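> I'll drop the sequence and a predicted model, then ask my questions.
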Amino acid sequence: MWTAVASLVSICCCYLVLRQFRELRDFPTQVLLSALMLRQLVQAFPDQTVRISVGGMSIPALVSILIVLAFLAVMDGRVLRLRHFVPLYGLFGIVLLSTVINVETGGLGRVAAKWILFIGILTLTYRSILLYGLQRTMRAILSTLILPLVLQVFSIALGTPKANEADGSASYIGGYFHEAVFSTVMVGFTVAASLSRPTAARSLPLVVTGFVSLLLANYRTSVIAGLPVLAACLVLGLLKLWHPRLRSAVVIAGIALTVAAVPVILTQLPDRYSQVADVIEDSSALSEAPQHLDDTERYLLSGRLYIWSHYLEAHRNASFARKLIGFGPEAWDGVMPLIAHNTFVSYIYEYGLIGVALLLVVMGYNALIVFRIPDRDLRFRLLSAHAGFALLNLSATPFWSNEGLTVYAILVATTWAMQLGTARSTASSIRSSTGHLPGRMTAPHSRRGLTESRTPAP
């Protein structure tokens with residue numbers, strides 16, 4: 001029954017994506033949309049795709065390789081010369097250095113494939129924004145992310161939840177293999193939705209839809225990650241109701257009210273969420289060895305504190321060199337009980353203090369250059385998305401998963417593309433290779449053109 005429903009929904013969603021090609025005629029952009037849709041199709045049928053192997057490889061792994069090859073074939077190498085890539089190249093450098101020194105080559109291929117996937121999505125999304133404008137590109141990306149949302153609705157209608165935590169709560173994830181995968185995709189949906197309209201107020205209905213989906217998926221980390229995006233759109237929408245002279249006072253009053261309300265709200269939250277406040281208030285357990293944690297501490301945050309303690313204990317006991325550069329990519333596999341469920345804990349184990357520092361440089365740099373975007377409404381929405389993604393890394397590993405890297409690639413591409421100087425110079429380079437702007441574009445000097453296109457007319 002479920003397979004038939006999922007198949008019918010998948011066909012309809014594929015048709016929706018193919019309709020985008022009528023307007024978005026740029027071939028690399030079509031490759032991008034096809035790859036994003038293909039990833040969702042693979043994830044929507046885990047029972048079939050995981051069990052079937054081709055040449056000893058699972059279907060998801062094979063699809064990832066095919067997507068990487070497709071990206072390598074259509075990517076414009078000139079974009080890789082952007083100065084914004086410098087922090088990323090530093091991060092890639094420590095991955096290679098840690099691999100060489102630790103002679104840990106087993107995980108390098110998997111890590112390299114994921115980062116090529118990231119660069120491919122980043123560069124092709126960047127290109128599409130320059131060619132078609134931000135809102136048009138985000139609406140096209142949303143069409144590839146409709147599938148999990150529709151499947152979630154059917155899972156609710158058919159009463160087929162997935163058991164989640166030990167407290168008996170249920171997760172509606174539309175047949176996906178795990179809540180983390182589904183909810184990370186929906187974080188991407190929420191981010192893209194917030195950028196799909198010229199103003200936050202107009203994008204709010206889609207953002208609320210994405211956030212409700214996160215609540216139904218019942219994955220605590222992603223719900224927290226979606227909060228800044230929802231809050232930004234709500235605040236920006238509400239501010240439009242006030243006279244410009246009163247907006248500063250409204251913002252100050254809102255901040256004061258939020259600060260006063262947070263302690264009260266935290267005491268009323270379900271136990272799984274109130275545990276976050278407990279860890280923040282008393283973080284001393286993070287410095288304890290795993291064998292010294294009591295039963296209560298071991299089960300905090302669904303056992304994450306216990307998992308982190310293994311990684312941090314290994315780092316504390318490591319040699320000085322490994323404290324700096326870590327144990328190598330994917331070195332945790334077969335050594336640790338589970339994946340770290342925290343990007344920073346994972347990086348300090350795999351790539352050491354230097355790796356964590358470079359990761360923070362990458363994330364901080366891309367968040368800071370948001371301030372160079374002239375559109376204040378868009379700037380606030382992007383900052384909230386960067387904040388949400390940072391929160392996601394505190395209790396999950398989006399830099400390890402393809403879904404998480406996809407979200408960050410779209411976010412970074414938008415951040416880079418919406419800066420006037422970079423966009424103009426790169427768009428001229430793209431035009432020289434294509435000879436025209438495929439598909440329909442909004443005139444750059446029109447009212448909508450400020451966000452629809454940052455490039456001069458050909």
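That came in fine, so what should we check first? Numbering: from 1, shown residues only.

> Check which residues of the longest helix belonging to the chain are buried.
Counting by DSSP state H, the longest helix found in the chain is helix 108-132. Within helix 108-132, the residues that qualify as buried are 108, 111-132, counting by 16 or more other CB atoms under 10 Å. Heads up, the C-betas are built off the backbone N, CA and C, glycines and all.

> which strands and helices sit next to that helix?
helix 27-44, helix 59-74, helix 86-102, helix 134-144, helix 402-417, helix 420-434 (3 or more CB pairs under 8 Å, 6 or more residues apart in numbering; DSSP states H and E).

> again, 6 Å this time
helix 27-44, helix 59-74, helix 402-417 (3 or more CB pairs under 6 Å, 6 or more residues apart in numbering; DSSP states H and E).

> Where among these is average confidence lowest?
Lowest mean pLDDT within the helices and strands packed on helix 108-132: helix 59-74, at a mean of 92.

> where's that helix relative to the chain centroid, distance-wise?
Put simply, helix 59-74 sits 19 Å off its chain's centre (CA atoms, centre = their mean, to the nearest Å).

> which regions of the protein lie under the pLDDT threshold?
By pLDDT under 70, the low-scoring segments of the chain are 55-56, 163-168, 243, 251, 254-255, 258-287, 292, 294-301, 420-458.

> Ok, which of the helices and strands packed on helix 108-132 comes nearest Leu97?
Proximity to Leu97 (CB to CB) singles out helix 402-417 among those, at 20.9 Å.

> With adjacent residues omitted, what lies nearest to Ala231?
Spatial nearest neighbour of Ala231, excluding adjacent residues (CB to CB, 6 or more residues apart in numbering): Ser384 at 6.7 Å.

> Near that neighbour, how many other residues are there?
Residues lying near Ser384 (other CB atoms under 10 Å) number 24.

> what helix or strand does the nearest residue to Phe45 once chain neighbours are set aside sit in?
Leaving aside its chain neighbours, Phe45 sits nearest to Ala6 (6.4 Å; criterion: CB to CB, 6+ apart). Element membership for Ala6, per DSSP states H and E: helix 2-20.

> What is that helix packed up against?
Against helix 2-20 (3+ CB pairs under 6 Å, 6+ apart) you get helix 27-44, helix 134-144, helix 146-157.

> Could I get the CA-only coordinates of the last one as CSV?
The C-alpha trace of helix 146-157 is given here as CSV (Å, rounded to 0.1, in the frame of the first residue of the first chain):
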residue,chain,number,x,y,z
ILE,A,146,8.0,18.8,-2.1
LEU,A,147,8.2,15.0,-2.1
PRO,A,148,9.1,14.5,1.6
LEU,A,149,6.4,17.0,2.7
VAL,A,150,3.7,15.3,0.7
LEU,A,151,4.7,11.8,1.9
GLN,A,152,4.6,13.1,5.4
VAL,A,153,1.0,14.2,4.9
PHE,A,154,0.1,10.7,3.6
SER,A,155,1.9,9.1,6.5
ILE,A,156,-0.3,11.1,8.9
ALA,A,157,-3.4,10.3,6.9
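
> what does it rub up against?
When contacts are defined by CB atoms under 6 Å, 6 or more residues apart in numbering, helix 146-157 is touched by residues 5, 9, 13, 40, 44, 172, 174-175, 182, 185, 213.

> if I look at the residue nearest to Phe45, how far off is Tyr365?
40 Å (CB to CB, to the nearest Å).

> Neighbour count: these two, which is higher?
Ala6 (21 against 15).

> With adjacent residues omitted, what lies nearest to the spatially most central residue of the chain?
Nearest to the mean C-alpha position of the chain, by CA atoms, centre = their mean, lies Val407 at 2.6 Å. Distances taken as CB to CB, 6+ apart place Gly188 nearest to Val407, at 4.1 Å, with adjacent residues excluded.

> ok so, going back, for the helix holding Ala6, which positions count as buried?
So, applying 16+ other CB under 10 Å, buried residues of helix 2-20: 5-6, 9-10, 13-14, 17, 20.

> now the angle between helix 27-44 and that helix, please.
For helix 2-20 against helix 27-44, the angle by axes from the mean of the first three to the mean of the last three CA atoms, to 10 degrees is 170 degrees.

> who touches helix 2-20?
33, 37, 41, 44, 140, 143-144, 146-147, 150-151, 154, 175.

> May I have it as CSV, with CA atoms only?
Once non-C-alpha atoms are left out, helix 2-20 reads as follows in CSV (Å, rounded to 0.1, in the frame of the first residue of the first chain):
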residue,chain,number,x,y,z
TRP,A,2,2.6,2.5,1.1
THR,A,3,4.9,1.7,-1.9
ALA,A,4,2.1,2.4,-4.3
VAL,A,5,1.2,5.7,-2.6
ALA,A,6,4.9,6.8,-2.5
SER,A,7,5.4,5.8,-6.2
LEU,A,8,2.4,7.9,-7.3
VAL,A,9,3.4,10.9,-5.3
SER,A,10,7.0,10.6,-6.6
ILE,A,11,5.8,10.6,-10.3
CYS,A,12,3.7,13.7,-9.6
CYS,A,13,6.7,15.5,-7.9
CYS,A,14,9.0,14.5,-10.8
TYR,A,15,6.5,16.1,-13.2
LEU,A,16,6.5,19.2,-11.1
VAL,A,17,10.3,19.4,-11.3
LEU,A,18,10.3,18.8,-15.1
ARG,A,19,7.9,21.7,-15.6
GLN,A,20,10.6,24.0,-14.2
